[in-house]
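Undergrad: My questions concern the predicted model and sequence given below.
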Amino acid sequence: MNPDMIADFWPYVMIVVAGWLATDIWRWLGVFAAGRMREDSELLVFVRAVATALVAGVISKLILFPSGALDATPMGLRIAAAAAGFAAFLILRQQVILGVIAAEIVLIGGWLLLGS
């Protein structure tokens, strides 16, 4: 392999390795630690609360301050899609994938209707 090609791919390799290490270490520590802890322990309740808050923060940022293609959609449509996804999640036996699909259908459908 050409040394220049290796130099070109090195940043991407580092991103993958660093991204993998940064997340998988915590996942493995969680697997090992959770096996020895009670589900209702204060630490696990705290970790669950922090994880939920992080997900809520990311979703809020995507709705209120989007970037890229999502920035071209009206805020009302983004809010309606999130509300539809949450409603579908609650109605359809709390299955996350069904909530995500419902939100995507509303977002893409609304975007196509408004774009026409």
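TA: The structure has been received and is ready for your questions. Numbering: from 1, shown residues only.

Undergrad: For the protein, just list every one of the helices.
TA: Assigned by DSSP state H, the chain shows helices spanning 3-34, 42-64, 75-91, 96-115.

Undergrad: which sections of the chain are below the confidence cut-off?
TA: Counting by pLDDT under 70, the chain has low-confidence residues at 1-9, 12, 15, 19, 22, 116.

Undergrad: Name the residue closest to the centre of it, please.
TA: Taking C-alpha atoms, centre = their mean, the centroid of the chain lies closest to residue 55, which sits 6.6 Å from it.

Undergrad: Now do that residue against residue 78, distance only.
TA: Counting by C-beta to C-beta, to the nearest Å, the separation of residue 55 from residue 78 is 16 Å. For every residue, glycine as well, the C-beta is placed using N, CA and C.

Undergrad: Likewise for residue 59?
TA: Distance from residue 59 to residue 78, by C-beta to C-beta: 10 Å.

Undergrad: Who has more neighbours out of these two?
TA: residue 78 (21 against 14; other C-beta atoms under 10 Å).
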